[in-house]
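[1] Prediction below, plus the sequence it came from.
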Amino acid sequence: MQVFTLSSEARQTLAGQIARNGLFVHHLGTDHTEGQGPKNWLIVNLDIEQCGADVSVRVQMRGTNNSLTIPQSTHAASRVASFLEELANGDAPEAPHCLMNTMESILWNAICRRRGVYSLAASGVDDLGLSLSPATRQGRVIFRFEMSGMGLTLPLLLPSDQKQALELLTGCVQELVANYHGAV
């Protein structure tokens with residue numbers, strides 16, 4: 001079986017990128033032989049975003065999208081490298097730090113950016129959207145759900161804690177989708 005790994009040079013490059021926002025391309029290779037390079041390559045696209053004390057990494061590889069959100073630390077680049085290698089080699093990623101679906105990834109992105117309008121078509125309801133805007137209270141964010149540009153919910157304050165905010169928004173989307181399908 002071929003085992004894909006990041007080269008030591010790629011790991012050093014990733015360590016410099018993990019503290020920045022941006023889109024980056026990496027190559028994982030098999031059978032790294034001194035002076036010859038890897039026999040096979042796998043191209044990986046990374047979208048790295050700083051989210052307060054956390055770093056969010058979205059990974060596109062082999063036609064799949066995966067996300068990882070971990071605390072920013074001296075070990076963050078090593079953890080991301082391990083995550084890439086786990087994905088490349090078909091290993092299941094560790095669940096506690098991993099956003100497993102597109103909907104949670106969209107919601108996490110909205111929470112990190114703290115403003116904007118986001119399409120939640122991945123929920124199965126094509127016209128569902130989420131709107132975030134600054135509140136009058138310093139540092140707080142107001143959210144509301146919309147359908148076809150019309151408000152579905154009253155504006156509410158988003159929790160300051162990002163993990164609580166994700167849990168709240170995920171629960172709201174699940175309820176809205178269930179109610180929508182129950183009404184149709």
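    Received the coordinates, thanks. Every value quoted in this text rests on a predicted model; they were computed, and no experiment measured them.
[2] List the buried residues for the top helix by length along the chain?
    Longest among the helix segments of the chain by residue count, using DSSP state H, is helix 162-183. Buried residues in helix 162-183, defined by neighbour count with 16 or more other CB atoms under 10 Å: 162, 165, 166, 168, 169, 172, 173, 176, 177, 180. Quick note: C-beta positions are derived from backbone N, CA and C, even for glycine.
[3] Next, format those residues as JSON lines and append distance to residue 59.
    JSON lines is the format used below for the buried residues of helix 162-183 (distance: CB to CB, whole Å):
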{"residue": "162", "distance to residue 59": "20"}
{"residue": "165", "distance to residue 59": "23"}
{"residue": "166", "distance to residue 59": "19"}
{"residue": "168", "distance to residue 59": "26"}
{"residue": "169", "distance to residue 59": "22"}
{"residue": "172", "distance to residue 59": "26"}
{"residue": "173", "distance to residue 59": "23"}
{"residue": "176", "distance to residue 59": "28"}
{"residue": "177", "distance to residue 59": "26"}
{"residue": "180", "distance to residue 59": "31"}
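[4] returning to that earlier point: just the CA trace of the longest helix of the chain, in CSV.
    Extracted C-alpha coordinates of helix 162-183, given in CSV (Å, rounded to 0.1, in the frame of the first residue of the first chain):
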residue,chain,number,x,y,z
GLN,A,162,-17.7,30.3,19.2
LYS,A,163,-18.4,26.7,20.1
GLN,A,164,-21.7,27.7,21.8
ALA,A,165,-22.6,29.8,18.7
LEU,A,166,-21.9,26.8,16.4
GLU,A,167,-24.1,24.6,18.6
LEU,A,168,-26.9,27.2,18.6
LEU,A,169,-26.8,27.8,14.8
THR,A,170,-26.6,24.1,14.0
GLY,A,171,-29.6,23.4,16.2
CYS,A,172,-31.6,26.3,14.6
VAL,A,173,-30.8,25.0,11.1
GLN,A,174,-31.9,21.5,12.0
GLU,A,175,-35.2,22.8,13.5
LEU,A,176,-35.9,25.1,10.5
VAL,A,177,-35.2,22.3,8.0
ALA,A,178,-37.4,19.8,9.9
ASN,A,179,-40.2,22.4,10.1
TYR,A,180,-39.9,23.2,6.4
HIS,A,181,-40.0,19.6,5.3
GLY,A,182,-42.9,19.0,7.7
ALA,A,183,-44.9,21.8,6.1
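[5] Packing partners of it?
    Here helix 162-183 touches helix 102-113, strand 128-134, strand 141-147, strand 156-158, going by 3 or more CB pairs under 8 Å, 6 or more residues apart in numbering; DSSP states H and E.
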